[in-house]
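In: Model the following, please.
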Amino acid sequence: MNRRAFTLLELIIAVGLVAALLALLLPGLVHARELSQKAVCAANTRSIGLAFQMYLGDHRRFPAAMAGSAWRYGGVDFVGPDRTPVLTASRPINTAMVDRLPSSEEAFMQTFRCPADRGIWRSDSSAAQGQSVLDGNSCYSSFGTSYRANPALFDSTLAGIDTLHRPLAEHEIAVGFSRLLIAGDAVWHYATRPEADPDARLDASWHRTPKGGNMVALDGSVRFEIFSSTPATYTLSPLRESAR
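Out: Residues are numbered from 1 along each chain as shown. Here you go, the predicted model:
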């Protein structure tokens, strides 16, 4: 039985057709992946918001200020030479999420990891997204969480209430709970800095939308925001605008 081999022309045509199909399909696959990452991130921030609400229910106040409060409110600590991630009681809201600490329960640890987390980079980089200034690492790998919390909730002095550096009580929140940002993708911090602040030259827009990211408000609502130094639909201050 004679079998005719493919000619060079036929192979070129076949390769060309495959390349054309990939060119048509890949953008859709990339877009679907990005939508999936954004959805997982939104679910994570919702869980973090719920943990804050449970903590408030138990203590009637936010966690006390500590070094690095914006990152150490919850998440994992990396222990040992192999940097094994572990949920510990040193991060306050972990106690509201897990019954027994320390814990290596993967589902809870992943709550603090945005799948799109690519760290923080200089916004004036010549590349669309430069190398992470965190030695090339993600926020999760560097801080134990991808999500930066609002430190004004942990420090009454930072919030402009008094000079005691104490955590805010729930009854001291004077703005609508649906407006007050508790935590969100790290981009919220850099996008809301005044122009003179060095942090304003950094970026963490993981979801391909400039200055955009997920946030959770005090009422537990989660939404995707475009952050700026003049917020309209959310606030970082627990005080009424007229009281700032």
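In: so who does residue 75 touch?
Out: Under the criterion of C-beta atoms under 8 Å, 6 or more residues apart in numbering, the contact partners of residue 75 comprise 87, 91, 94, 112, 140, 143, 144, 145, 147. Heads up, the C-betas are built off the backbone N, CA and C, glycines and all.
In: Setting aside sequence neighbours, what's the nearest residue to it?
Out: Closest residue in space to residue 75, ignoring its immediate chain neighbours: residue 145 at 3.2 Å, by C-beta to C-beta, 6 or more residues apart in numbering.
In: what about that neighbour, is that helix, strand or coil?
Out: Of the three states, residue 145 takes coil according to DSSP: H, G, I helix; E, B strand; the rest coil.
In: wait, isn't it in contact with residue 139?
Out: Yes. In terms of C-beta atoms under 8 Å, residue 145 counts as a neighbour of residue 139; the distance is 7.0 Å.
In: Quick check: neighbours shared by these two?
Out: residue 71.
In: Surely residue 151 is in contact with residue 67?
Out: No. Using C-beta under 8 Å, residue 151 is not in contact with residue 67, being 11.0 Å away.
In: Work out which residue lies at the spatial centre of the protein.
Out: Centroid-nearest residue in the chain: residue 185, 2.5 Å away (criterion: C-alpha atoms, centre = their mean).
In: Angles on the backbone of that residue, please.
Out: Here is the backbone geometry of residue 185 (degrees, to the nearest 10): phi -50, psi 140.
In: what's the neighbour count on the residue nearest to it when sequence neighbours are not counted?
Out: Closest residue to residue 185 apart from its sequence neighbours, by C-beta to C-beta, 6+ apart: residue 213 at 3.0 Å. Summarising burial for residue 213: neighbours were counted as other C-beta atoms under 10 Å, giving 29.
In: what does residue 162 give?
Out: There are 9 residues near residue 162, going by other C-beta under 10 Å.
In: show me the contacts for the closest residue to it other than its chain neighbours.
Out: Taking C-beta to C-beta, 6+ apart, and ignoring the residues beside it in sequence, residue 162 has residue 156 as its nearest neighbour in space, at 5.1 Å. Residues counted as contacts of residue 156 (C-beta under 8 Å, 6+ apart) are 162, 164, 165, 166, 167, 168, 172.
In: Select only the buried ones of those residues in ChimeraX?
Out: Once 16 or more other C-beta atoms under 10 Å is used to decide burial, the buried members of the contacts of residue 156 can be selected in ChimeraX as follows:
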select :166,167,168
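In: Which parts of stretch 220-231 count as buried, going by neighbours?
Out: With the criterion 16+ other C-beta under 10 Å, stretch 220-231 contains buried residues 222, 224, 225, 227, 231.
In: can you give me the offset of stretch 212-219 from its chain's centre?
Out: Centre-to-centre, stretch 212-219 and its host chain are 9 Å apart (C-alpha atoms, centre = their mean, to the nearest Å).
In: quick one: buried residues of that stretch?
Out: Buried residues in stretch 212-219, defined by neighbour count with 16+ other C-beta under 10 Å: 212, 213, 214, 215, 216, 217, 218.
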